[in-house]
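> Give me coordinates for this.
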Amino acid sequence: MVGLLLYISPLISGFIYRKMGTVAEDSAGISPKDGRGGDQDLDAGALFVLKSRGSWLHCGYHLTTAIVAPALLSLPFAFTLLGWSGGVICLTAAGLVTFYSYNLLSIVLEHFARLGNRHLRFRDMAHDILGPGWGKYFVGPLQLGICYGAVIACILLGGQSLKYIYLVTSRNGSMQLYHFIIMFGGVTLIMAQMPSFHSLRHINLVSLFLCLAYCACTTAGSISIGHSNNKPERDYSITGAGLNRGFGVFSAISIIATTYGNGIIPEIQATIAPPVTGKMFKGLVVCYSVVVTTFFSVGISGYWAFGNKSQGSILSNFMVNGLPLLPKWFLLITYLFTLVQVSAVVLVYLQPTNVMIERRFADPKRPEFCVRNVIPRLVFRSLSVIAATTLAAMFPFFGDIMALFGAFGCIPLDFILPMVFYNVTFKPSKRSFIFWGNAVIAVVSTVLSAFGAVASVRQIILDAKTYRLFANM
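The predicted structure is shown next:
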């Protein structure tokens, strides 16, 4: 699939640059500077957090950490709602569409950078392309809500990973889930003080190798269990019947869309040093090489081993009644890799919150590390992590809520808006394949978002009787 993407995207990009006039030239035929438009005009959020110093490799690290997260361990569960053919088709289609979508978004960003108006945030793009109201009242709040929701979900997942490690070593231990969530939140509070998105580049490189490691362990573990004498009985029939099955399909599509979701493509591209042309595409190729390797191996091997008994996280299938199906050391290593990687993911999705904090409370005319700017940064970043940790501990069923967020947020930001931005910016002919291809993707995604939201709300209502604050799940 990566080879196909490598072949198609340069053709699309070339067509855009030739036919749509993306390179703005002056009277002498020289393109404007591909830069940030003057750092003196930037607010503190863009100036301090979104520093444009990175390479395309750094961009690849950030993209991989944002997309290839432990949420992919839910892919076998999505297969239980879709079956073999439906699961593979949806996983492949979502991968192709998101790669295309993210590439379109980067092309629009490069176009404005050539015009001397480089956009560093999603809300800035919406402001200039769709109008001020879209950026201020829709895209900005939507992105911030989705990313902060991802922070809460990651802290919850980090606490669950710590609890799994604890149960493997102390089967009859008495510690509760919220204890582990608080521990993980404490570590996140310290790491959240990293000053800028660019400063995460080395952490995200380690994250890239860690996601490959725990996905390899998960795949190997599933295959080992599937071939063992204690292998579970496998049933590949689709779960549910009638209306329940229909809602299950839309829930599965929301899960897959959320797994591929990003929502911070402009902020990641903002970390690239000018000129930016072509660098994002290289970063996407790095990212999707890892995506193809991990998503398909975990999704297919997990569903093959456990069938429609695959749980919300396939790692939960590795233990039955508190007893491990694999050697304890192997489970500990897998959980440890997952734990450390999710600590990097949470930092990536904290960046839009950090941008907002710096924009509101920092002074761009003063040095970044002066007392005037450091104290508000320390206080408000810490408060944002404390609030997220508290919510994660209070609502350990937050996964159901995130499915709703995914339908309302990830699909619009990643599947709909890039198509709209491209068509509005370049105004391709209404008889062209690109115009109608983008329109079809946007319309279909809108329908799926609506049905996915309904399915998610329905699931929340069905599960509401099991909800309890600070539950030990």
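> where does the stretch 1-150 of the chain have low pLDDT?
1-41 (pLDDT under 70).
> Identify each buried residue in the lengthiest helix in the chain, please.
Ranked by residue count, the top helix of the chain under DSSP state H comes out as helix 75-114. By neighbour count on 16 or more other C-beta atoms under 10 Å, the buried set for helix 75-114 is 75-83, 86-88, 90-91, 94-95, 97-114. Heads up, the C-betas are built off the backbone N, CA and C, glycines and all.
> after it comes which helix or strand?
Scanning forward in sequence from helix 75-114 by DSSP states H and E, the next helix or strand is helix 122-129.
> what's that following helix packed up against?
With contacts defined as 3 or more C-beta pairs under 8 Å, 6 or more residues apart in numbering; DSSP states H and E, helix 122-129 has these neighbours: helix 75-114, helix 140-169, helix 265-270, helix 417-426.
> Helix 122-129 and the first one, what's the angle between them?
Going by axes from the mean of the first three to the mean of the last three C-alpha atoms, to 10 degrees, helix 75-114 is angled at 50 degrees with respect to helix 122-129.
> Next, the angle helix 417-426 makes with helix 75-114.
Using the same axes, to 10 degrees: helix 75-114 against helix 417-426 is 20 degrees.
> One more: the second one?
Compare the direction of helix 140-169 with that of helix 417-426 by the same axes, to 10 degrees and you get 150 degrees.
> what helices or strands is helix 140-169 leaning on?
By 3+ C-beta pairs under 8 Å, 6+ apart, helix 140-169 packs against helix 122-129, helix 177-191, strand 319-320, helix 328-349, helix 351-361, helix 371-394, helix 398-405.
> Quick one: residues contacting the residue most central in space within the chain.
By C-alpha atoms, centre = their mean, the chain has its centre lying nearest to N262, at 3.6 Å. Contacts for N262 (C-beta atoms under 8 Å, 6 or more residues apart in numbering) come out as L63, A66, I67, T98, Y102, I268, L413, D414.
> before we move on, what about G283?
W56, L57, H58, C59, G60, H62, L63, I268, I272.
> Show residues contacting the helix or strand containing the second one.
The reference is to L57. L57 is part of helix 56-67 when elements are defined by DSSP H and E. By C-beta under 8 Å, 6+ apart, the residues outside helix 56-67 that reach it are 54, 197-198, 200-201, 204-205, 207-208, 211, 260-262, 264, 268-269, 271-272, 278-280, 282-287, 290-291, 341, 344-345, 348-349.
> quick revisit: which among the contacts of G283 count as buried?
Using 16+ other C-beta under 10 Å as the threshold, W56, H58, C59, G60, H62, L63, I268, I272 are the buried ones among the contacts of G283.
> quick one: the third one from R121, how far?
If you measure C59 against R121 using C-beta to C-beta, to the nearest Å, the figure is 16 Å.
> again, but for the fourth one
When distance is defined by C-beta to C-beta, G60 is 20 Å away from R121.
> and what of the last one?
As defined by C-beta to C-beta, I272 lies at a distance of 14 Å from R121.
> got it, and I225?
Using C-beta to C-beta, I225 is found at 45 Å from R121.
> Format the buried ones among the contacts of G283 as a markdown table; extra columns: distance to A305.
Formatted as a markdown table, the buried ones among the contacts of G283 follow (distance: C-beta to C-beta, whole Å):
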| residue | distance to A305 |
| --- | --- |
| W56 | 37 |
| H58 | 36 |
| C59 | 35 |
| G60 | 31 |
| H62 | 32 |
| L63 | 29 |
| I268 | 34 |
| I272 | 40 |
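> Relative to Q193, which of these is nearest.
H62 (18.4 Å; C-beta to C-beta).
> before we move on, back to that, for I225 and R121, indicate the residue with more neighbours.
More crowded of I225 and R121, by other C-beta atoms under 10 Å: R121, with 25 against 19.
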